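In: A structural model of the following input is requested.
(one chain, ligands or ions: 2)
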Amino acid sequence: MGSGQWHVEKRSTLKNDSFVKEYNPVSETGSLSIIVLGASGDLAKKKTFPALFNLFHQGFLSPDEVHIFGYARSKITDEELRDKIRGYLVDEKNASVKYEALSMFLKLIKYVSGPYDSEEGFKRLDKAISEHEISKKTSEGSSRRLFYLALPPSVYPPVSKMIKAWCTNKSDLGGWTRIVVEKPFGKDLESAEQLSSQIGALFEEPQIYRIDHYLGKELVQNMLVLRFANRLFLPLWNRDNIANVQIVFREDFGTEGRGGYFDEYGIIRDIIQNHLLQVLCLVAMEKPVSLKPEHIRDEKVKVLQSVIPIKDEEVVLGQYEGYRDDPTVPNDSNTPTFATTILRIDNERWEGVPFILKAGKAMSSKKADIRIQFKDVPGDIFKCQNQGRNEFVIRLQPSEAMYMKLTVKQPGLEMQTVQSELDLSYMQRYQGVSIPEAYERLILDTIRGDQQHFVRRDELKAAWEIFTPLLHRIDKGEVKSIPYKQGSRGPAEADQLLKKAGYMQTHGYIWIPPTL
Ligand SMILES: NC(=O)C1=CN([C@@H]2O[C@H](COP(=O)(O)OP(=O)(O)OC[C@H]3O[C@@H](n4cnc5c(N)ncnc54)[C@H](OP(=O)(O)O)[C@@H]3O)[C@@H](O)[C@H]2O)C=CC1
Ligand SMILES: O=C1O[C@H](COP(=O)(O)O)[C@@H](O)[C@H](O)[C@H]1O
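Out: Ligands and ions are numbered 1, 2, ... in the order given. So this is what the prediction gives:
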């Protein structure tokens, strides 16, 4: 291998058969009906249908078994729905390769129009599903029905009632009925608990899949492997060695077209209370007894329950200039489009380590990463401490990567130190491997009945318990959002808070994702 070349991963994966058997549930056969409620909407066209198409294209959804139903109020035909989503399923580059699969997939889609609280609409939906099941000659009761609620949470209760009353799998001879619900699941502790009780009265917990698509991202799923399958990290992953942890989400665009929704929720409910908090759980949790979903979720709940109340002085909120120009946003809105908040986990492993969660819209860049900063080396014989600390960075997106910032000897005759990195960039290392979309994996999990990467009811409750007091104070206008320029790093006060929390920036160092 010449200098400057990358080693490309070509080894076949050493599959651990007992692991595969134990943790990959057996796939079932029989008719599978996937019903997308809110099929006319944004999420359905951008995420749900494309994920279903990719699963179909890769052979995970068999045309002999599967049928897809769209349901919404809009009065459109099957063909109109197909036309609406077609452009999101393939792009110009792969259209010819996927052409045959695309037309087969689109034929599997049927649309039923009806209100979200009408018996009549859901009876028609049930009839359409039953016809499909009969056409697939499924023995009674072995049919599988997956309801995906790509809808605003305000309609979850009536829709769940209608599904339960008219559309569930009719027999207990086998098969199942499952429902997938999107975030935001509630607006605070009380409303989330109310929603949980309403849905919980209709469906058992193993039937409910609360989706958080960050749990489907490749490097988020890698987190437990990294922590618990590598001896290297075991002794380091604690308060003795780690100075602070940052979990950061930034987008370089604003709330375009979603101002009305966003103003009601704000960045904490949209990103921090769910996506970033889920990532925090995986960084901070103890080793689960096994990889069984309940064992993993038990450990996540313990982390959330160990978080102490957030202090006002450890929060900075921001709102980008121009946010209120959106006609659906009130002129006096205090809704944060940016927030930095420090969480503290009061347990043996993490006492004293700030977990800094930061999220913002209309910022200078688009990325999400986890940044674990280590403490200084005691006894600085090289006098290199001010060059920067060891930092382990997990880049969730874009350009998935893990890199470790290290101090090394500057190559040459002099004994000088310099900051460098050990770099595992996925694009180089795993050339030709396509990383699945989060929604693809998660929808496949719902079909396989694997709840590991979904949020359990007690987990959700514990998550809302952390943020509800702060959210109520923001809603009342008691904690103010500071204006910041679009395309900036957010309010300067947020960087000051980071500094106060002990984060040391490595000046003059920037990681540039390697290119092929
Ligand atoms: N869009 C995104 O990128 C993401 C969305 N989500 C979540 O997914 C869910 C769906 O999101 P999205 O597709 O953007 O939502 P939309 O606003 O596009 O709504 C989806 C569909 O629901 C129906 N609908 C809209 N408003 C109402 C209402 N007030 N009452 C009854 N029905 C209504 C409409 O269908 P019709 O009028 O035809 O019945 C619409 O096509 C939400 O919970 C959202 O928070 C989560 C992550 C990302
Ligand atoms: O849930 C949401 O996530 C998206 C960002 O998702 P990503 O996978 O592109 O990082 C965000 O834009 C949206 O506001 C939020 O509702």
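In: Helix, strand or coil: sort out the residue of the stretch 401-516 of the chain found nearest ligand 1 for me.
Out: Residue nearest to ligand 1 within the stretch 401-516 of the chain: Tyr439 (9.3 Å; C-beta to the nearest ligand atom). In this view, the C-beta of every residue, glycine as well, is placed from N, C-alpha and C. Secondary structure, DSSP: H, G, I helix; E, B strand; the rest coil: Tyr439 is helix.
In: Next up, the contacts around it.
Out: Going by C-beta atoms under 8 Å, 6 or more residues apart in numbering, Tyr439 touches 47-48, 50-51, 213, 216.
In: and what of Asn274?
Out: 183-185, 212, 214, 455, 463.
In: Rebuild these as a markdown table, extending it with distance to ligand 1 and neighbour count.
Out: Listed next are the contacts of Asn274 as a markdown table, based on distance: C-beta to the nearest ligand atom, whole Å; neighbours: other C-beta atoms under 10 Å:
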| residue | distance to ligand 1 | neighbour count |
| --- | --- | --- |
| Lys183 | 6 | 20 |
| Pro184 | 6 | 16 |
| Phe185 | 8 | 24 |
| Asp212 | 9 | 23 |
| Tyr214 | 10 | 23 |
| Val455 | 13 | 24 |
| Ala463 | 16 | 27 |
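In: Please report the distance of the residue in the stretch 151-300 of the chain that ligand 2 sits nearest to from Phe262.
Out: Across the stretch 151-300 of the chain, the shortest distance to ligand 2 (C-beta to the nearest ligand atom) belongs to Asp270, at 4.8 Å. Remark: distance between Asp270 and Phe262 (C-beta to C-beta, to the nearest Å) = 7 Å.
In: Ok, Gln198 next?
Out: Separation of Gln198 from Phe262 (C-beta to C-beta) stands at 25 Å.
In: Of these two, give the one with the bigger neighbour count.
Out: Phe262 (23 against 14; other C-beta atoms under 10 Å).
In: so what's that one up against?
Out: 255, 270, 329, 335, 337.
In: The first one and Ser40: what is the separation?
Out: Yep, that's Thr255 we're talking about. Distance of Thr255 to Ser40, given as C-beta to C-beta: 21 Å.
In: Kindly report the same for the fourth one.
Out: From Thr335 across to Ser40, the span is 27 Å (C-beta to C-beta).
In: cool, and the last one?
Out: Distance check for Thr337 against Ser40: by C-beta to C-beta, it reads 27 Å.
In: farthest residue from the center of the chain?
Out: The outermost residue of the chain relative to its centre, with distances by C-alpha atoms, centre = their mean, is Leu413 at 48.1 Å.
In: Which secondary structure state is assigned to it?
Out: Applying three-state DSSP: Leu413 is coil.
In: ok, now the one 5 residues further on?
Out: Going by three-state DSSP, the secondary structure assigned to Val418 is strand.
In: Contact partners for the nearest residue in space to it that is not next to it in sequence?
Out: Spatial nearest neighbour of Val418, excluding adjacent residues (C-beta to C-beta, 6 or more residues apart in numbering): Gln410 at 4.3 Å. For Gln410, the contact set (C-beta under 8 Å, 6+ apart) comprises 416-418.
In: Nearest residue to Pro157 in space, please, no chain neighbours.
Out: Leaving aside its chain neighbours, Pro157 sits nearest to Gln198 (4.6 Å; criterion: C-beta to C-beta, 6+ apart).
In: nope, Gly260 is what I meant
Out: Thr328 (3.7 Å).
In: Would you confirm that that neighbour contacts Glu256?
Out: No. Contact criterion C-beta atoms under 8 Å: Thr328 and Glu256 do not qualify, at 11.3 Å.
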